[in-house]
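# here is a sequence together with a model predicted from it:
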Amino acid sequence: MDTEEGDVKMKIAVASGKGGTGKTLISTNLARVALEQGSVTLFDLDVEEPNAHLFFSEVEQKSEPVEKMIPVVDVSICELSGVCSKVCEYHAIITLANQVMVFPELCHSCYGCLEMCPSKAISEGKKQIGMIKHGAKDHLQLISGLLKVGESATTALIRDVKKFPIQKSGLQIYDAPPGTSCPVIETVKDLDYVILVGEPTPFGLHDLNLLVQVLQEIGQPFGVVVNKAVTGNDRIEQYCAQKGLEILAHIPLRSDIAGAYAKGQLVSEVLPDVKQIFQELLETVTRKVNGAVA
Ligand code: SF4
């Protein structure tokens, strides 16, 4: 994939405080309208349930396994000093009367126990935590993380997807995992801007508010998109006005949008008025990022 003269160059995330709010709708359709101006790299970091690829089935993705380091204890050397258990902040290695037990799901691969073991009885092992899938077609590059079922190393996998050695040219769009904890922070840190998606329901507003607090705490610039907007329901508008937050766009609650999305169609390809919403959203965010840089 080559970078073109007219490429929009910025790194933006699409995030929401809860699942099912419309992150993928927004990230995939933003990618589609941006492709009319240049190259796009779309990262699907909703690693427990990546689905951006469903909307770009023309992109063939290759899979690469992702592993994390876990400690392996050589029982023939181990003197049961207990140092590893004291060092481990995550209680991932426990020294018993006659053995040392490792709990790979709890291990954060910090290497603390390997470095501190007085008998040098601990060495590096590997455990697969998921896959990275990547592929390109024309000006679109699509890269997704897929966490192994039962695995909890979400943040580690997101870090690996973001660092994956591909040419990241043009507009970079990061579809964040839902929620307000470490995986979201790992996704949005170092990016230019976050599009925060909210829906005007009591639960939607509650989770939006939580993520607003997180983004303000880490000093990340963001604006709000109201998805499933309904005339007469101004819950999010009132909240944003109180907090001094900017609303970037409204995506209406409509059966033709929901129907196209459910069929795996990009709504910006089949509904011209919705395409215009995404074009204006892209222009607004581009102006904001460029204004911040200027
Ligand atoms: S590598 Fe770090 S997190 Fe994992 S068991 Fe050792 S001390 Fe604990």
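Done, it's in. Numbers count the residues shown, from 1 in each chain.

# touching, Lys68 and Gly130? I think so.
No. The pair Lys68 / Gly130 is not scored as a contact, 9.4 Å apart, by C-beta atoms under 8 Å. The C-beta positions use only the backbone N, C-alpha and C, and glycine is treated the same way.

# quick one: which of these two has more around it?
Gly130 (26 against 19; other C-beta atoms under 10 Å).

# would you check that Val83 makes contact with Cys117?
Yes. Applying C-beta under 8 Å, one finds Val83 in contact with Cys117, separated by 6.1 Å.

# quick one: which of those two has more around it?
Counted by other C-beta under 10 Å, Val83 and Cys117 do not tie: Cys117 has more neighbours, with 23 against 18.

# the regular element (helix or strand) spanning Tyr174: how far from the chain's middle?
In this structure, Tyr174 sits in strand 171-175 according to DSSP states H and E. How far strand 171-175 lies from its chain's middle: 9 Å, per C-alpha atoms, centre = their mean, to the nearest Å.

# list the neighbouring strands of it plus their orientation.
Using DSSP bridges, the strands paired with strand 171-175 are strand 11-15 (parallel), strand 40-44 (parallel).

# got these as a markdown table, with mean neighbour count and distance to Ile185 columns?
Converted to a markdown table, those look like this (neighbours: other C-beta atoms under 10 Å; distance: least, C-beta to C-beta, whole Å):
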| stretch | mean neighbour count | distance to Ile185 |
| --- | --- | --- |
| strand 11-15 | 26 | 10 |
| strand 40-44 | 26 | 15 |
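
# now render the ones you listed as CSV, adding mean pLDDT.
Below are these laid out as CSV (pLDDT from 0 to 100):
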stretch, mean pLDDT
strand 11-15, 97
strand 40-44, 96
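
# of those, give the one that comes closest to the ligand.
Closest of the strands paired with strand 171-175 to the ligand is strand 40-44, at 26.5 Å (criterion: C-beta to the nearest ligand atom).

# what segments of the chain are strands?
11-15, 40-44, 62-73, 93-95, 100-102, 122-137, 140-147, 171-175, 193-198, 222-229, 247-252 (DSSP state E).

# for the ones you listed, give me a markdown table that also has distance to the ligand.
Putting the strands of the chain into a markdown table (distance: least, C-beta to the nearest ligand atom, whole Å) gives the following:
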| stretch | distance to the ligand |
| --- | --- |
| strand 11-15 | 28 |
| strand 40-44 | 27 |
| strand 62-73 | 5 |
| strand 93-95 | 4 |
| strand 100-102 | 6 |
| strand 122-137 | 7 |
| strand 140-147 | 18 |
| strand 171-175 | 27 |
| strand 193-198 | 30 |
| strand 222-229 | 32 |
| strand 247-252 | 40 |
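
# can you lay out the ones you listed as CSV showing distance to Thr284?
Listed next are the strands of the chain as CSV, based on distance: least, C-beta to C-beta, whole Å:
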stretch, distance to Thr284
strand 11-15, 11
strand 40-44, 17
strand 62-73, 35
strand 93-95, 50
strand 100-102, 50
strand 122-137, 27
strand 140-147, 22
strand 171-175, 14
strand 193-198, 10
strand 222-229, 8
strand 247-252, 5
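
# and those: which comes nearest Ala153?
Ala153 sits nearest to strand 122-137 of all these, at 4.4 Å, using C-beta to C-beta.

# buried residues, stretch 79-98. List them.
Leu80, Val83, Cys84, Ser85, Val87, Cys88, Ala92, Ile93, Thr95 (16 or more other C-beta atoms under 10 Å).
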